[in-house]
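In: Fold the stuff below for me.
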Amino acid sequence: MPEITLAGRRIGPQFPPLVIAEIGINHEGDYAKAERMVRDAAAVGCECVKFQCHVVADEMSPQAKSVVPGNADVSIYEIMERCQLTEDEERRLKALTESLGMIYLSTPFSRAAADRLERMGVCGYKIGSGECNNFPLVDHIAGFGKPVILSTGMNAMDSIAKSVEILRARKVPFGLMHTTSMYPTPPDKVRLGAMQQLMATFPDAVVGLSDHTLTIYPCLGAAALGASMLERHYTSDKSWPGPDVSLSMNPAELGELIKGSRIIQQALGGSKGVLPEEQVTIDFAYASCVTIAPIKKGEAFSKANLWVKRPGTGEILAEHFEKLLGRAAARDIDPDTQLGWDMVDAG
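Out: The predicted structure is shown next:
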């Protein structure tokens, strides 16, 4: 089975899904908000928080000042200038995250950002959907030799395959996140079947869902289909401003996603059969063949003198009832007697 490891946490189909709380830029450049989100995530049992690393001058050309995202009313350049954190602030957040026992991840949006994260000693990299076909940046990040999780929104299988070949060539463990880059994503555009397609096409990849709907339900559905990673935007307070806050989960929802996905993962697999642990239920829930009238030796069993009743502790269970009809009693039998084979004439 495919597997990657981040800071000692093993990730793959045989382990509980890694739930990634994407703080992203929901802090809007406010360090205090970022710190609170980290602490609130830890309080509900989160294993991993993810930020975005922006070095705007290396990330965007001046033309970006005229490009306005669909979920904003100002240019992407202005948003990132407002929301970027300093390297010192990111180092402090990483130290805080790790002191609380969580994994610190960050998405670099440029070569300078990737180099910053490498200087910080991150355990692995998350590459966003917009960079899935940015093959020079994918190769630069993979060159660090650390695990890479690649989001695949806005990309078809051919461009995803090219990035996968880069990751394979660099011999780094990698994961793929199925993503729909709509903010928010309508449920009918999630396409969990595409996640399964990634699993089938890239069997050496750990696969998950990075979701942009307004609920945790698609992530839970992905867990039921074997997703190894589940990511959603996250905020401590949905009343805060921010481009991704409107589609973010709060700490309570984060806690429910963690709990629910772990339960679902435990429930996967197996085959139909009777478990030894079910015997205590079998004893009272099954039915046994029981006489419902006095029966004389030699008298034939019929529906007038024999029926099936709980508990299932008799020697002859209900499944044999039809075979008994018409056969003779080997001795006199009182009513309300659980029938045994020694009470049935062998002939």
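
In: Note down every partner strand of the strand or helix carrying residue 210 and its orientation.
Out: Applying DSSP states H and E as the criterion places residue 210 in strand 206-211. Counting by DSSP bridges, the strands paired with strand 206-211 are strand 174-179 (parallel), strand 229-233 (parallel).

In: Dump the ones you listed to CSV, plus mean pLDDT and distance to residue 20.
Out: For glycine as for every other residue, the C-beta is placed from the backbone atoms N, C-alpha and C. Putting the strands paired with strand 206-211 into CSV (pLDDT from 0 to 100; distance: least, CB to CB, whole Å) gives the following:
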stretch, mean pLDDT, distance to residue 20
strand 174-179, 98, 9
strand 229-233, 98, 4
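
In: Now the strand holding residue 210: average pLDDT?
Out: Averaged across strand 206-211, the pLDDT comes to 98.

In: Just the residues contacting that strand, thanks.
Out: The contact list for strand 206-211 (CB atoms under 8 Å, 6 or more residues apart in numbering) reads 2-4, 11-13, 17-18, 20, 22, 129, 149, 151, 153, 173-179, 185, 190, 192, 195, 198-199, 218-219, 222, 226-232.

In: Tell me, how many residues neighbour residue 28?
Out: Residue 28 has 15 neighbours, counted by other CB atoms under 10 Å.

In: just to revisit the earlier point, can I get the strands paired with strand 206-211 in CSV including distance to residue 75 and mean neighbour count?
Out: Shown next, in CSV, are those (distance: least, CB to CB, whole Å; neighbours: other CB atoms under 10 Å):
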stretch, distance to residue 75, mean neighbour count
strand 174-179, 23, 27
strand 229-233, 21, 25
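
In: Out of these, which gets nearest to residue 55?
Out: Proximity to residue 55 (CB to CB) singles out strand 229-233 among the strands paired with strand 206-211, at 21.6 Å.

In: how far does that closest one sit from the chain's center?
Out: Centroid displacement of strand 229-233 relative to its chain, using CA atoms, centre = their mean, to the nearest Å, is 8 Å.

In: Provide the contact partners of that strand at residue level.
Out: Under CB under 8 Å, 6+ apart, the answer for strand 229-233 is 11, 17-22, 24, 26, 50, 149, 175, 177, 206-212, 216, 219, 222-223, 244-245, 247-249, 254, 257, 261.

In: mind giving me the domain ranges of the protein?
Out: 8-267, 276-343 (automatic domain parsing).

In: Just say which of those is most tucked in.
Out: Among the domains of the chain, ranked by average contacts under mean count of other CB atoms under 10 Å, first place goes to domain 8-267 (a mean of 19).

In: measure that domain end to end?
Out: By CA to CA, to the nearest Å, the extent of domain 8-267 from end to end equals 24 Å.

In: and if you look at stretch 229-240?
Out: The first and final residues of stretch 229-240 sit 27 Å from each other (CA to CA).

In: follow-up on the earlier one: show me the contacts of strand 229-233 that map onto helices.
Out: Using DSSP state H, the members of the contacts of strand 229-233 that fall in helices are 219, 222-223, 254, 257, 261.

In: and the two most separated of those?
Out: The largest separation in these, counting by CB to CB, is between 222 and 254 at 15.6 Å.

In: Return the distance of residue 37 relative to residue 91.
Out: Distance of residue 37 to residue 91, computed by CB to CB, to the nearest Å: 17 Å.

In: got it, and residue 148?
Out: Residue 148 is 21 Å from residue 91, by CB to CB.

In: again with residue 132
Out: Residue 132 is 27 Å from residue 91, where distance means CB to CB.

In: same deal with residue 259?
Out: From residue 259 over to residue 91 the distance is 32 Å, taken as CB to CB.

In: Let me see the ranges of the strands in the stretch 201-347 of the chain.
Out: Ranges of strands in the stretch 201-347 of the chain, per DSSP state E, counting those that start in this stretch, are 206-211, 229-233, 288-291, 306-309.

In: quick one: the second one to helix 217-224, angle?
Out: So that's strand 229-233. Here the directions of strand 229-233 and helix 217-224 differ by 170 degrees (axes from the mean of the first three to the mean of the last three CA atoms, to 10 degrees).

In: center of this structure, which residue is that?
Out: residue 223 (3.6 Å; CA atoms, centre = their mean).

In: ok, that one touching residue 259?
Out: No: the criterion here is CB atoms under 8 Å, and residue 223 misses it with residue 259 at 11.1 Å.

In: Please report how far residue 136 lies from residue 204.
Out: According to CB to CB, residue 136 and residue 204 sit 23 Å apart.
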